[in-house]
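Enquirer: would you be able to build a 3D model of this:
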Amino acid sequence: MSKSVRFVPTIRLKQYEVVNKKGQDLGQVQTFVVDMHAGLIAFALVAFGGFLGITDKWFAIPWGALKWHPETMKFILNMPEEVLKNAPGMHKDKWVEEIEKWQKEKDLELLDRYYTSHGYDAYMGIVEEAITKRGRRKVDARFEIDKDRAGEFRFKLVAVNGQTIAVSEGYSTKDNALNGIESVKQNAAGAVIDDRTVLSHASSHKG
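Expert: Okay, the predicted model is just below:
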């Protein structure tokens, strides 16, 4: 049976191995999980056997972390061994029950935070980008995380036109910066305007 090097049916996924950049066997892709709301692949479930020897768990790997290599017909995963071993895993016999619990955006926070801390895009950010490209709705703004000259992490809120709206304080770790972003998301909608210029103007007239 001939195999396509571009379009891979999910029923054939177990035939395709996952290797690192050195070509060492890591395991096999078991299935793709599709986000039916966003209309895209949420992640790939990978069983890591190979030299890692993890046999009882399957791992949700960001689609952006896997690269299809048509010549060898294998998926290349460029992720450090220690990252893989510590990644949030699911029991191979209970993974369906686990992902069925993920119904809201906040349900993916643990997974998102883990992979963003290792340089991969947040899944919810990928969803927002996909929705924007399709023109379903316009994303008003985005958060960008950078490292300043002092080695601290800072995030800025950027409007859809590219203009910077706000810049955060410096954080010692990326996790703290991500927590800061979550705090802004949760509190900004209910924040009131405290116009201190009114008080300042009134005081100057009294003097």
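
Enquirer: now the helix or strand encompassing residue 182: buried residues?
Expert: Here residue 182, judged by DSSP states H and E, is contained in helix 174-188. By neighbour count on 16 or more other Cβ atoms under 10 Å, the buried set for helix 174-188 is 174, 177, 178, 180, 181, 184. In this view, the C-beta of every residue, glycine as well, is placed from N, C-alpha and C.

Enquirer: cool, and stretch 92-101?
Expert: Neighbour-count burial for stretch 92-101, counted by 16+ other Cβ under 10 Å, picks out 95, 99.

Enquirer: for stretch 24-37, C-alpha coordinates in PDB please.
Expert: Provided in PDB are the C-alpha atoms of stretch 24-37 (Å, rounded to 0.1, in the frame of the first residue of the first chain):
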ATOM      1  CA  GLN A  24      16.800   8.400  18.100                       C
ATOM      2  CA  ASP A  25      13.400   6.700  18.600                       C
ATOM      3  CA  LEU A  26      11.200   8.500  21.100                       C
ATOM      4  CA  GLY A  27       7.800   6.800  20.500                       C
ATOM      5  CA  GLN A  28       4.800   6.900  18.200                       C
ATOM      6  CA  VAL A  29       2.000   9.300  17.600                       C
ATOM      7  CA  GLN A  30      -1.200   7.600  18.700                       C
ATOM      8  CA  THR A  31      -3.800  10.100  17.500                       C
ATOM      9  CA  PHE A  32      -4.600  13.700  16.800                       C
ATOM     10  CA  VAL A  33      -7.100  15.600  19.000                       C
ATOM     11  CA  VAL A  34      -9.200  18.100  17.000                       C
ATOM     12  CA  ASP A  35     -10.700  21.200  18.500                       C
ATOM     13  CA  MET A  36     -14.200  21.200  16.900                       C
ATOM     14  CA  HIS A  37     -14.900  24.800  17.900                       C
END
